[in-house]
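Undergrad: What follows is a predicted structure for the sequence shown.
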Amino acid sequence: MRVRAPRLRLVRAAPRSDALIDAALGSIADAVGSQGGVAAIAAQHSLTDALADTSVDAVVAIGGTGTGRNDTTVRTLASMGELIVHGIALLPGETTAFGTVGARPVLALPGRLDAALAAWHVLGRVMLARFAGSREPPLIRTAKLTHKVSSPVGLSELVPVWCEGLSATPIASGYVSLAALAHANGWILIQPDSEGYPAQSEVVIRPWP
């Protein structure tokens, strides 16, 4: 039986370089490689070219998913294929979009670094695992929270944490700063029907990045 590693095209929405989007591209490329995929970063390609690339299994675009004048990713995706959803109940990552061009899925992530990484962890990893045909459970462990973490009801929320031994310290929630992201070595997911967890709660830790 022949097995081929899934190949994902990573592309920034705008052709110009952007430090935060480039950081997201690098982090997601590392995450793709850690799951057995191949990340092809389209540094010199336009979004249109990347969406039309039939040599890859899926496309991950970063940036251009908001409602501003320059946020054209969603419109470009809709014009070239099918826009399935724009806007999800995930904090951060609310403006994430998903669609298809031909048989290829397209995951459009927000340009803000914390939102892009959150949406990748929650959605992108699942997409890649399905392409890889992986039946192995995700690498997880448990730890106890050192502090209370609160979350709004109605939204799933990804909260980065710093894990040390059997303890996990919530770093930030909602908007996550670059300094906070740099200290994360794991994350927890709070379900939409929960207001969070009190201190000393045992939670499931997933790997970061």
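TA: That came through, no problem.
Undergrad: Give me the next element, helix or strand, following the lowest-mean-pLDDT helix or strand in the chain.
TA: Within the chain, no helix or strand scores below helix 178-183, which has a mean of 86 by mean pLDDT, DSSP states H and E. Sequence-wise, the next helix or strand downstream of helix 178-183 (DSSP states H and E) is strand 186-190.
Undergrad: Mind listing residues that contact that following strand?
TA: 121-122, 143, 149, 151, 156-163, 168, 170, 196-197, 203-208 (Cβ atoms under 8 Å, 6 or more residues apart in numbering). Every C-beta, even on glycine, is put in place using the N, C-alpha and C of the backbone.
Undergrad: again with stretch 198-209
TA: Under Cβ under 8 Å, 6+ apart, the answer for stretch 198-209 is 27-28, 30-31, 117, 121, 138-148, 160-161, 163, 168, 184-189, 197.
Undergrad: Could you work out the end-to-end span of it for me?
TA: 25 Å (Cα to Cα, to the nearest Å).
Undergrad: Which positions within that stretch qualify as buried?
TA: Within stretch 198-209, the residues that count as buried by 16 or more other Cβ atoms under 10 Å are 203, 205, 206, 207, 208, 209.
Undergrad: pLDDT on that stretch, on average?
TA: Averaging pLDDT along stretch 198-209 gives 92.
Undergrad: what distance separates the helix or strand containing residue 204 from the centre of its chain?
TA: Assigned by DSSP H and E, residue 204 belongs to strand 202-207. With Cα atoms, centre = their mean, to the nearest Å as the basis, strand 202-207 stands 17 Å off its chain's centre.
Undergrad: Narrow the contacts of stretch 198-209 to those in helices?
TA: Among these, the residues falling in helices (DSSP state H) are 27, 28, 30, 31, 117.
Undergrad: Just give the closest residue to the fourth one, not the sequence neighbours.
TA: For residue 31, the nearest residue in space outside its immediate sequence neighbours is residue 209; the separation is 5.2 Å by Cβ to Cβ, 6 or more residues apart in numbering.
Undergrad: roughly how far apart are that neighbour and residue 9?
TA: From residue 209 across to residue 9, the span is 19 Å (Cβ to Cβ, to the nearest Å).
Undergrad: Same check on residue 114?
TA: Residue 114 is 23 Å from residue 9, by Cβ to Cβ.
Undergrad: What is the burial count for residue 63?
TA: 25 (other Cβ atoms under 10 Å).
Undergrad: residues contacting it?
TA: 12, 13, 14, 18, 21, 71, 73, 109, 110, 111.
Undergrad: Report pLDDT for it.
TA: 94.
Undergrad: if we can go back for a sec, show the buried residues in the contacts of stretch 198-209.
TA: Applying 16+ other Cβ under 10 Å to these flags 27-28, 31, 117, 121, 143, 145, 160-161, 163, 168, 184, 186-189, 197 as buried.
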